[in-house]
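Asks: Show me how the following folds:
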Amino acid sequence: MKKSQKFILFVVVLTIFAMSVPITTKAAAPQLEQLIQLLKGLNLTDAQINAILNIVNRPKPNPNPSSPVSLMVTKSTSSPSGIISTGAQNVELARFNLKANNDKIEIRKLGVHAMYYGSPLVGTLIIADAETSEQYLNISTNTAGLQTKYTPNAGTLLANQRDLSSYITIEKGQTKTIKIIGSVGAAINSNYIIYIGQAYAKRYSTNSFVTLANSAYAGNRLTVKSSALTVVKNSSFANISYAPGSSGVKIAEFVLQASNADDINVNTIHHICLQLLLPQPNAIPNVNLIYPNYLLPLMFSLLKTEHIH
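Replies: Coordinates of the predicted model:
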């Protein structure tokens, strides 16, 4: 056989052999033996045969490797902080961003924990979609392990993974924001921090299950304070004189300020006392309350006048 014929035959044999070997594994022993016999039939030297075997038997890279999937958990910049009012019901306690990296995932279990100082949370603890308010978990705050007076770690959250009633599905590379909702009692100065972590999730590309976010991620500290309303005279409204018979004039101005524990809606003013430094007891026939540009004559009325000589 001529050298050119041997070369052509060699190329054909090597190509057929390479196509028969799985690209993710080394060549099996029987296949290697067949190749060796074919190469010897071409009168190749042992060095040439070994060189060819090293190439063929080298592990082949997987053209579609399975990249490690991960779940990035971060506290949202809009997560509540500071003060909440005593007895507040179904208030947002924390907000977290969940980002799926390298694959679409479906979170089926999630570790959640409330650390408290003072009095524990009451009622139920809810995990919900921050945008749609879809509930993923609604659990009694009396559930064992849900609340403690110590800072939890990753092991605490793993031991207290909760089965979600509705799974959290996150597309590859996308972020979903969840909120934690709960209720507090009347104990002033109680503190709360919500933690999440240890997500048990389905990976869509491989249809396998993994535990992600293997840590304890904390929300902001919240402190319970009582709500209060302060009423003071507006210092910018000074003493002023009006001409006799004037109407529609401002006679006083006050500032109502809510404490930072909560918003306050004022829907009733029980008493307005107008002290008249005039000789006529009925010199001002009626009084209207305006806030800030709305006339409220029906909700409020002059309840008392005093005549001072």
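Asks: so where is the protein shaky, pLDDT-wise?
Replies: Judged by pLDDT under 70, the chain has its weakly predicted residues at 1-32, 35, 39, 42, 44, 53, 55-66, 227-230, 232, 257-309.
Asks: how does it divide into domains?
Replies: Listed by automatic domain parsing, the domain ranges of the chain are 3-56, 70-225, 228-309.
Asks: could you measure His113 against Asn97, distance?
Replies: Look at His113 and Asn97: by CB to CB, to the nearest Å, they are 18 Å apart. (Glycine included, C-beta is placed from N, CA and C.)
Asks: So which of those two has more stuff around it?
Replies: Per other CB atoms under 10 Å, whichever of His113 and Asn97 has more neighbours is His113, with 26 against 18.
Asks: Do I have it right that the more buried one meets Leu158?
Replies: No - using CB atoms under 8 Å, His113 makes no contact with Leu158, being 10.7 Å away.
Asks: Give the full set of residues in contact with Thr169.
Replies: For Thr169, the contact set (CB atoms under 8 Å, 6 or more residues apart in numbering) comprises 104-107.
Asks: looking at these, which has the most residues close by?
Replies: Counting neighbours by other CB under 10 Å, Ile105 comes out on top of the contacts of Thr169 with 27 neighbours.
Asks: so what's the backbone phi/psi at that one?
Replies: phi -130, psi 160 (degrees, to the nearest 10).
Asks: Leaving out the residues flanking it, which one is nearest to it?
Replies: Nearest residue to Ile105, sequence neighbours excluded (CB to CB, 6 or more residues apart in numbering): Ala201, at 4.4 Å.
Asks: that's a helix at Gln48, yeah?
Replies: Yes - the assignment for Gln48 is a helix, going by DSSP: H, G, I helix; E, B strand; the rest coil.
Asks: number of nearby residues for Thr223?
Replies: Counted with other CB under 10 Å, the neighbours of Thr223 add up to 16.
Asks: Going forward, count from 48.
Replies: Yep, numbering from 48; the last one is Thr270 now.
Asks: Now the phi/psi pair for it, please.
Replies: With angles defined as degrees, to the nearest 10, Thr270 sits at phi -120, psi 140.
Asks: ok, it touching Ser128?
Replies: No - using CB under 8 Å, Thr270 is not in contact with Ser128; the gap is 9.4 Å.
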